[in-house]
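> A predicted structure for the sequence below; I have some questions about it.
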Amino acid sequence: MKKNITLFFLFLLCISASAQEITGSWSGTLNIMGNKLPLVFHISKTDTAYVTKMDSPAQNALGLPTSKTSFIENKLEIVATGLGIFYQGTLQGDSISGTLNQGGMPFPLVLKQSDKPVLNRPQEPKPPFPYKTEDITFINKKDKIELAGTFTIPDSTGMFPAVVLIAGSGPQDRDETIFGHKPFLVIADYLTQNGFAVLRYDKRGIGQSKGDYDRATMQDFTVDTEAAINYLKTRKEVDKSAIGLIGHSEGGMVAPMVASKNRDVKFIVLMAAPGVQGTKIVLDQNRLSLESMNIEPENMERTLTMLDEILGSLTTWENSPVEQTILRDRLSQVWEQLPIMIKLKLKKESYLRSQYNQMVKPGYRSFLKIDPAEFLQKTNCPVFAINGEKDTQVLFDKNLNAIKSALEKGKNYRTETKSYPNLNHLFQESETGNVDEYGEIEQTISPEVLSDITVWMKKQLKN
């Protein structure tokens, strides 16, 4: 879950149709106030569109998913709406000359074709797979949206228990691709080899799924998950009485929202899921970020108080002129409290504009408003909640305890929680748990976690 955008930027993007060949890896370097920031775009082609992944090597951000790209008459456009990023360039020979705009600030960026770096991801499965795999589509009938995903089935006859994988925050594809890792691909592979049918899908507006990601709320994502369950119920290979959900991070908030009202859900697994309201999650993330900057305690508490007021105001946001003015003023006050080194790297107006535009988006505001306890108390199916103790995005103790407390309050005692001492937010074995480690670690997900999830789910099928 990447909700610590209040203080920092992450990069994301995607694609659409063409004229001349553009596939391959393209690299260039941004010059931001004297600071060099290398960027790499990896462009591939499907039957109907281009698909792009992006690397920011200096930030250890590798294999980031994208949201929309077009290549027409030698003009390339790559858009990352969630982060206010827009690249526009013209292919001329072996280079693309253009401009990358972030938060209203234009930066010249020339791209040259380069070799894609080979990342060692030993857990990532390669075909041929020892099971059946299908690229499928299904319909969210409520919103009239076609979603696309991959369905894997054990390579034998009969009916199988099935799970839907629900990705974390951001414009995630079906593999939940992040920092060069594909956690959902690894999970789906492991579970399918252990007798489960698995459905994973691109979020609406991402990859091959239709819809508008930018306008999507948490409630919209629950409807998408409901549509995935309904699709599984149409498959002859699926045991309709044994359908479960596995949600990671923000997806672990969606899972109980669905299970609390859908009696077809047999069990849910919550991986690094929030147990407290979204505002508290974001505040905790920012506290850790400020602590890492060695800010004086008094200054840090003042900044966090300002952020708390901002987040609170966004939960009742009506987009009035008065609210808009107050939010800009409060963000300006937060800017004044930031360390001088941060201010030297970012122009104030660009920073304020980017933060404002991100904060007022429906998806972000809906996340802030939701208290998982409301839905956990109404969830009656078995629940397995797990966290890494080095998770710096969803603090393990606070959130696991809150999940357990909410379930007990709802008199659901068919639950189990577990924390893992050396694992981070992605459930990798890590040193610090910080985000900048994710791409450096070769492991995609701890084998112990894969085993624990599988054993627990099989146990629920016997009850």
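Structure's in. What do you need? Numbers count the residues shown, from 1 in each chain.

> which residue ranges form the helices in the stretch 51-200 of the chain?
183-193 (DSSP state H, counting those that start in this stretch).

> Okay, now the unreliable bits of it?
In the predicted model, the stretch 51-200 of the chain carries pLDDT under 70 at residues 60, 81-84, 103-104, 116-117.

> Next, the buried residues of stretch 66-73.
Residues of stretch 66-73 classed as buried under the neighbour-count rule (16 or more other Cβ atoms under 10 Å) are 66-71. Bear in mind the C-beta positions are built from the backbone N, C-alpha and C, glycine included.

> And stretch 211-231, by the same measure?
211, 213-214, 216-218, 220-229, 231.

> right, and out of the buried residues of stretch 66-73, which lies closest to Q355?
Nearest to Q355 out of the buried residues of stretch 66-73 is S67 (Cβ to Cβ; 19.2 Å).

> unless I'm mixing things up, that closest one is touching A80, no?
Yes - using Cβ atoms under 8 Å, S67 is in contact with A80, at 6.0 Å.

> In the stretch 351-463 of the chain, mark out all the helices, start to finish.
Using DSSP H, counting those that start in this stretch, helices in the stretch 351-463 of the chain cover 362-369, 373-376, 396-409, 447-461.

> ditto for the stretch 201-350 of the chain
In the stretch 201-350 of the chain, helices defined by DSSP H, counting those that start in this stretch lie at 218-232, 251-259, 278-292, 297-314, 321-337, 340-345, 348-359, listed in chain order.

> So what touches the first one?
Yep, that's helix 218-232 we're talking about. 136, 138-143, 145, 147, 149, 162, 164, 166, 197, 199, 201, 203-204, 238, 240, 243, 245, 250-251, 253-255, 257-258, 262, 264-265, 363, 366-367, 370 (Cβ atoms under 8 Å, 6 or more residues apart in numbering).

> how about a cut-off of 7 Å?
Residues outside helix 218-232 that contact it (Cβ atoms under 7 Å, 6 or more residues apart in numbering): 138-143, 147, 162, 164, 166, 199, 201, 204, 238, 243, 245, 253-254, 257-258, 262, 264, 366-367, 370.

> now the fourth one
For helix 297-314, the external contacting residues (Cβ under 7 Å, 6+ apart) are 6, 279, 282-283, 286-287, 290, 323, 326-327, 330, 333-334, 337, 359, 365, 368.

> Just say which of the helices of the stretch 351-463 of the chain is most tucked in.
By mean neighbour count, with neighbours taken as mean count of other Cβ atoms under 10 Å, helix 373-376 ranks first of those at a mean of 21.

> That one packs against which elements?
In this structure, helix 373-376 makes packing contacts with helix 251-259, helix 396-409, judged by 3 or more Cβ pairs under 7 Å, 6 or more residues apart in numbering; DSSP states H and E.

> Helix 251-259 and the last one, what's the angle between them?
Spelled out, that is helix 396-409. 10 degrees (axes from the mean of the first three to the mean of the last three Cα atoms, to 10 degrees).

> what's helix 396-409 packed up against?
helix 373-376, strand 383-388, strand 415-420.

> Q123: which of the helices of the stretch 351-463 of the chain is closest?
Closest to Q123 of the helices of the stretch 351-463 of the chain, according to Cβ to Cβ: helix 447-461, at 8.2 Å.

> Adding distance to S114 and mean pLDDT, write the helices of the stretch 351-463 of the chain out as JSON lines.
Shown next, in JSON lines, are those (distance: least, Cβ to Cβ, whole Å; pLDDT from 0 to 100):
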{"stretch": "helix 362-369", "distance to S114": "34", "mean pLDDT": "95"}
{"stretch": "helix 373-376", "distance to S114": "46", "mean pLDDT": "98"}
{"stretch": "helix 396-409", "distance to S114": "39", "mean pLDDT": "98"}
{"stretch": "helix 447-461", "distance to S114": "34", "mean pLDDT": "97"}
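
> Turn those into JSON lines, including distance to K390.
Listed next are the helices of the stretch 351-463 of the chain as JSON lines, based on distance: least, Cβ to Cβ, whole Å:
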{"stretch": "helix 362-369", "distance to K390": "23"}
{"stretch": "helix 373-376", "distance to K390": "24"}
{"stretch": "helix 396-409", "distance to K390": "8"}
{"stretch": "helix 447-461", "distance to K390": "13"}
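
> Which of the helices of the stretch 201-350 of the chain comes out lowest on mean pLDDT?
Lowest mean pLDDT of the helices of the stretch 201-350 of the chain: helix 340-345, a mean of 70.

> Spatially nearest residue to S260, not counting backbone neighbours?
Using Cβ to Cβ, 6 or more residues apart in numbering and skipping residues adjacent in sequence, the residue nearest S260 is K378, 3.9 Å away.

> my guess is the one you found meets A259, correct?
No - between K378 and A259 there is no contact under Cβ atoms under 7 Å: 8.6 Å.

> Who has more neighbours out of those two?
More crowded of K378 and A259, by other Cβ atoms under 10 Å: A259, with 28 against 15.

> neighbours around the residue lying closest to that one once chain neighbours are set aside, how many?
What sits nearest to A259 in space, not counting adjacent residues and going by Cβ to Cβ, 6+ apart, is V265, at 4.3 Å. V265 has 23 neighbouring residues, counting by other Cβ under 10 Å.

> ok, V265 touching S241?
No - using Cβ under 7 Å, V265 is not in contact with S241, being 10.8 Å away.

> quick one on the thing from earlier: contacting residues for the residue nearest to A259?
With contact set as Cβ under 7 Å, 6+ apart, V265 has these partners: 243-245, 258-259, 381.
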